[in-house]
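Enquirer: Sharing a model prediction with you, sequence too.
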Amino acid sequence: MSTPHNWTTYTAFLRTSRASESDLKYFALHPWLAPLLSPGSPYRSVPFFSRLEKGENNTLDRFFNRVINTNDTIPHAIALVPGDEWLALRRKELFASSTSSPSSSQQNVTGEEKEQATTEQETTQKAEYDFILLTSLAPSLSGFTDTAHGGLLSALFDEAMGCCTAAFRNDDDAVQELFTVNLNVTYRRPVPLPGVYAIRVRVEKTEGRKWWLKGELVGGDGVVRTSAESLWVAARKGGL
Ligand SMILES: CCCCCCCCCC(=O)SCCNC(=O)CCNC(=O)[C@H](O)C(C)(C)COP(=O)(O)OP(=O)(O)OC[C@H]1O[C@@H](n2cnc3c(N)ncnc32)[C@H](O)[C@@H]1OP(=O)(O)O
């Protein structure tokens, strides 16, 4: 079991963490991941937060940080996140017309500011996805023989999407914690085990407390084997 983390916010965690050398070495062995991991990539490699131990008395994330954090379930997993500049632009894009803006300074974005954001986007390195989970899936995650269990794939989408939304919440807690209220998973092709996969997710739009996300799972052949759409709702201010 690893040492409990001591970051006070998810944003601080993203800014100051780096994926472990052993995980990076492992994923670098897969040539199809090279564009995502190379120095020219628009993404930074960070630990997969849900996998981190939160402390003996803290039951947060136990499913991910203990139950499926073993050599015969998920031996390796890291997250790829866009740089701060790109995230800031995405915030402007997503919250320009929404009442759920994660920062009061981003409310009431004017047409001029939108134009400026578009110009900035042209010069900032573009990240197609808001969050990518790279994961190895080992044989004990099977449903059908040598095939990943569908429930596990749903859990991976849910978690990746949760991490994705967390990156857009600001440290000032202007947006309350978000919860999945709907997750629609489409199983298009079997997901063979063992294997290495990328789960790529993106916030499609926000409206008030509601956020819509989409995601897809691909392996080295680039085939979208599973896709998902979800709706997240931010808790009301002052709690549930
Ligand atoms: C770094 C961090 C990483 C975190 C990763 C976490 C990943 C794990 C995430 C999860 O698995 S969360 C666990 C599963 N989800 C839950 O347990 C949530 C259970 N649901 C709730 O607790 C409540 O629904 C919730 C607090 C989220 C919202 O209740 P509210 O009473 O505040 O909201 P309300 O029911 O008024 O709904 C708000 C809006 O959402 C809409 N809505 C709610 N549920 C919906 C639904 N299922 N489908 C469609 N629309 C829905 C609802 O119609 C409404 O739309 P309008 O504002 O337009 O009227």
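Expert: Cool, the structure landed.

Enquirer: Show me the strands in this structure, by range?
Expert: Using DSSP state E, the strands of the chain run over residues 43-47, 77-82, 131-137, 178-187, 195-207, 210-218, 224-234.

Enquirer: okay if I get those strands as a markdown table plus mean neighbour count and mean pLDDT?
Expert: All C-beta spots, glycine's among them, are computed from the backbone N, C-alpha and C. Conversion of the strands of the chain to a markdown table gives the following (neighbours: other C-beta atoms under 10 Å; pLDDT from 0 to 100):
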| stretch | mean neighbour count | mean pLDDT |
| --- | --- | --- |
| strand 43-47 | 20 | 97 |
| strand 77-82 | 24 | 97 |
| strand 131-137 | 24 | 98 |
| strand 178-187 | 15 | 98 |
| strand 195-207 | 19 | 97 |
| strand 210-218 | 21 | 98 |
| strand 224-234 | 19 | 98 |
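
Enquirer: Now distance to the ligand too, for the ones you listed, in JSON lines please.
Expert: Listed next are the strands of the chain as JSON lines, based on distance: least, C-beta to the nearest ligand atom, whole Å:
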{"stretch": "strand 43-47", "distance to the ligand": "11"}
{"stretch": "strand 77-82", "distance to the ligand": "10"}
{"stretch": "strand 131-137", "distance to the ligand": "10"}
{"stretch": "strand 178-187", "distance to the ligand": "4"}
{"stretch": "strand 195-207", "distance to the ligand": "8"}
{"stretch": "strand 210-218", "distance to the ligand": "5"}
{"stretch": "strand 224-234", "distance to the ligand": "4"}
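
Enquirer: Specify the stretch among the ones you listed that is closest to Asp146.
Expert: Closest to Asp146 of the strands of the chain, according to C-beta to C-beta: strand 195-207, at 9.5 Å.

Enquirer: I would like the residues contacting that closest one, please.
Expert: Identification of contacts with strand 195-207 by C-beta atoms under 8 Å, 6 or more residues apart in numbering yields 27, 30, 33, 36, 90, 94-95, 98-100, 128-137, 148, 156-157, 160-161, 164-165, 168, 191, 211-220, 225.
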